[in-house]
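Novice: below are the sequence and a predicted model; questions follow.
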Amino acid sequence: MTSLDDLPIRDDLRGRTPYGAPQLAVPVRLNTNENSYPVPEPVVEAIAKAVTAELRDLNRYPDRDALALRADLAGYLGHGLDAAHVWAANGSNEVQQQLLQVFGGPGRTALGFTPAYSMHPLLALGTGTGWWDGRRTADFDLTAADAAAQVREHRPDVVILCSPNNPTGTALHPEVISAVLAEAPGMVLVDEAYAEFARPGTPSALTLLPGHPRLVVTRTMSKAFGFAGGRLGYLAADPAVVDAVQLVRLPYHLSALTQAAARAALAHRDALLATVQAIKAQRDRIVDELRRRGHTVADSDANFVLFRTGGDQRAAWQALLDRGVLVRDVGLAGWLRVTAGTEQETDAFLAAMEVVDP
Ligand code: PMP
């Protein structure tokens, strides 16, 4: 039998394992920051109708530029943006991969501030981009001065910021983004996958786009919109950035079915985004209750919460799983991450947490 090791793969990929959170069939799945609420029936019907209308034309390639969808996404974002400022792909992972293909690549580097989204260094690896593991303080803070100093030290071609940050949950202070923009010699990417869940008074980096042609903000429909299975991520930036990613995107990368489904979902955004308030309420309930029980908990602007467990987080993860609750071990010693879902899921999580010492 041939194994991976027998194949002539790139040396820098040898010995690596693919990214992937466990997909286990347990009653309470709170490990991938999905939206726990199923798509409401009227939206299911609208998406089915929109997708059905495309079926007869599947002999033809889709709109390569996805212009109608990009116009709809720009309309959702506001901030004076139009289709020329927006680009879409199969999840924000693909958008970020395209950005690293065009602005990173062999001989170039990207800088992120760990712990942050674990796909960022993997996307760098896959695109042959060197990776600088930037620092945060022990309590995961990142100040404007420290971020700027690290950019000055490494002079990366791409800086990747994540706000609200996964896995900590906390949004960056806008001063951090401004300081990085002032210092960065290349592109600055702000991953805002969880923007819709931010606490009041947390401005989006979209407000900084005018006058900053090297700033890119990525968003996704996987979280607040409850559209993770639909695979739709997008970016907002100067139109020149949209021209740039078209140099590396595959032709017809976004299927006609995806474009139609995403447009129907966006047309029903009020129904889909109605879950955001309920999820934020569960998020705040988890933070408050765990703190009341004596756990250290990071502030959260997202649909998940990072909390400290008394001992080894792997034992705590297993104890929760034994009680039917799947959370995420993000590899931070002593910490676990839980997604905020429905009230019943929070009940089950908090009940299971009775066995986990603070
Ligand atoms: N950015 C962050 C910070 C994420 O947590 C995720 C998903 N876990 C993504 C991007 C990618 O999401 P998608 O590809 O589904 O848009």
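Specialist: It's in.

Novice: where do the helices of the stretch 51-200 of the chain begin and end?
Specialist: Taking DSSP state H, counting those that start in this stretch to define them, one finds helices in the stretch 51-200 of the chain at 67-77, 92-103, 119-126, 144-154, 174-183.

Novice: and Asp5, which of the three is it?
Specialist: Classification of Asp5 using DSSP: H, G, I helix; E, B strand; the rest coil returns helix.

Novice: what is the neighbour count of it?
Specialist: By the measure other Cβ atoms under 10 Å, the count of residues near Asp5 is 8. (Each C-beta comes from the backbone N, C-alpha and C, glycine too.)

Novice: how close does it sit to Asp12?
Specialist: Per Cβ to Cβ, to the nearest Å, Asp5 is found 15 Å from Asp12.

Novice: give me the domain ranges for this structure.
Specialist: Here the domain parsing of the chain from automatic domain parsing is 17-37+275-355, 41-269.

Novice: tabulate the ones you listed (CSV), appending mean neighbour count, distance to Met1 and mean pLDDT.
Specialist: Shown next, in CSV, are the domains of the chain (neighbours: other Cβ atoms under 10 Å; distance: least, Cβ to Cβ, whole Å; pLDDT from 0 to 100):
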stretch, mean neighbour count, distance to Met1, mean pLDDT
domain 17-37+275-355, 18, 19, 96
domain 41-269, 19, 26, 97
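
Novice: among the ones you listed, which is nearest the ligand?
Specialist: Relative to the ligand, the nearest member of these by Cβ to the nearest ligand atom is domain 41-269, separated by 2.7 Å.

Novice: can you show me the strands along this structure?
Specialist: With DSSP state E as the criterion, the chain has strands at 28-29, 86-89, 109-113, 130-134, 158-162, 187-191, 215-220, 233-237, 304-308, 325-326, 335-339.

Novice: doesn't His85 make contact with His234?
Specialist: No His there; residue 234 is Tyr. No - assessed by Cβ atoms under 8 Å, Tyr234 is found out of contact with His85, at 10.2 Å.

Novice: residues contacting Leu290?
Specialist: Applying Cβ atoms under 8 Å, 6 or more residues apart in numbering, we find Leu290 in contact with Val297, Val305, Phe307, Met353, Pro358.

Novice: let's see 6 Å
Specialist: Contact analysis of Leu290 by Cβ atoms under 6 Å, 6 or more residues apart in numbering lists Val297, Phe307.

Novice: near the ligand, which residues of this protein are found?
Specialist: Proximity of the chain to the ligand, by Cβ under 6 Å from any ligand atom, involves residues 33, 91-93, 117, 162, 166, 191, 193, 220, 222, 228, 233.

Novice: any idea how far Leu332 is from Gly128?
Specialist: Distance of Leu332 to Gly128, computed by Cβ to Cβ: 28 Å.

Novice: no wait, Gly169
Specialist: Per Cβ to Cβ, Gly169 is found 31 Å from Gly128.

Novice: likewise Ile286?
Specialist: From Ile286 across to Gly128, the span is 40 Å (Cβ to Cβ).

Novice: could you do Glu94 as well?
Specialist: 17 Å.

Novice: looking at the protein, which helix is longest?
Specialist: Longest helix in the chain, counting residues (DSSP state H): helix 275-292.

Novice: quick one, it and strand 304-308 angle?
Specialist: Here helix 275-292 runs at an angle of 10 degrees relative to strand 304-308 (axes from the mean of the first three to the mean of the last three Cα atoms, to 10 degrees).

Novice: between strand 335-339 and helix 275-292, find me the angle.
Specialist: Orientation check (the same axes, to 10 degrees): helix 275-292 against strand 335-339 gives 150 degrees.

Novice: start at 46, not 1
Specialist: All right, first residue 46 from here; so that's helix 320-337.

Novice: return the distance of helix 320-337 from the chain's centre.
Specialist: Here the centre of helix 320-337 is set off from its chain's centre by 20 Å, with Cα atoms, centre = their mean, to the nearest Å.

Novice: ditto for stretch 136-144
Specialist: 10 Å.

Novice: next one: stretch 121-139
Specialist: Relative to the chain's own centre, stretch 121-139 is displaced by 14 Å; criterion: Cα atoms, centre = their mean.

Novice: which residues touch it?
Specialist: Residues from elsewhere that reach stretch 121-139 (Cβ under 6 Å, 6+ apart): 111-112, 114-116, 118-119, 140, 164, 238, 251, 263, 265, 276, 278-281, 284, 287, 290, 311.

Novice: how about the CA coordinates for it, as PDB?
Specialist: The C-alpha coordinates for stretch 121-139 follow below in PDB (Å, rounded to 0.1, in the frame of the first residue of the first chain):
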ATOM      1  CA  TYR A 121     -25.600  44.600   3.000                       C
ATOM      2  CA  LEU A 122     -22.200  46.100   4.100                       C
ATOM      3  CA  GLY A 123     -23.200  49.700   3.500                       C
ATOM      4  CA  HIS A 124     -20.400  52.200   4.100                       C
ATOM      5  CA  GLY A 125     -20.800  53.600   0.600                       C
ATOM      6  CA  LEU A 126     -19.400  50.300  -0.900                       C
ATOM      7  CA  ASP A 127     -20.500  48.900  -4.300                       C
ATOM      8  CA  ALA A 128     -19.800  45.700  -6.300                       C
ATOM      9  CA  ALA A 129     -16.400  47.000  -7.400                       C
ATOM     10  CA  HIS A 130     -15.200  47.000  -3.800                       C
ATOM     11  CA  VAL A 131     -16.400  43.500  -3.000                       C
ATOM     12  CA  TRP A 132     -15.100  40.000  -4.000                       C
ATOM     13  CA  ALA A 133     -16.700  36.700  -3.100                       C
ATOM     14  CA  ALA A 134     -15.500  33.100  -3.000                       C
ATOM     15  CA  ASN A 135     -16.300  29.700  -1.400                       C
ATOM     16  CA  GLY A 136     -15.900  30.800   2.300                       C
ATOM     17  CA  SER A 137     -13.600  33.400   3.700                       C
ATOM     18  CA  ASN A 138     -10.900  30.800   3.800                       C
ATOM     19  CA  GLU A 139     -10.800  30.800   0.000                       C
END
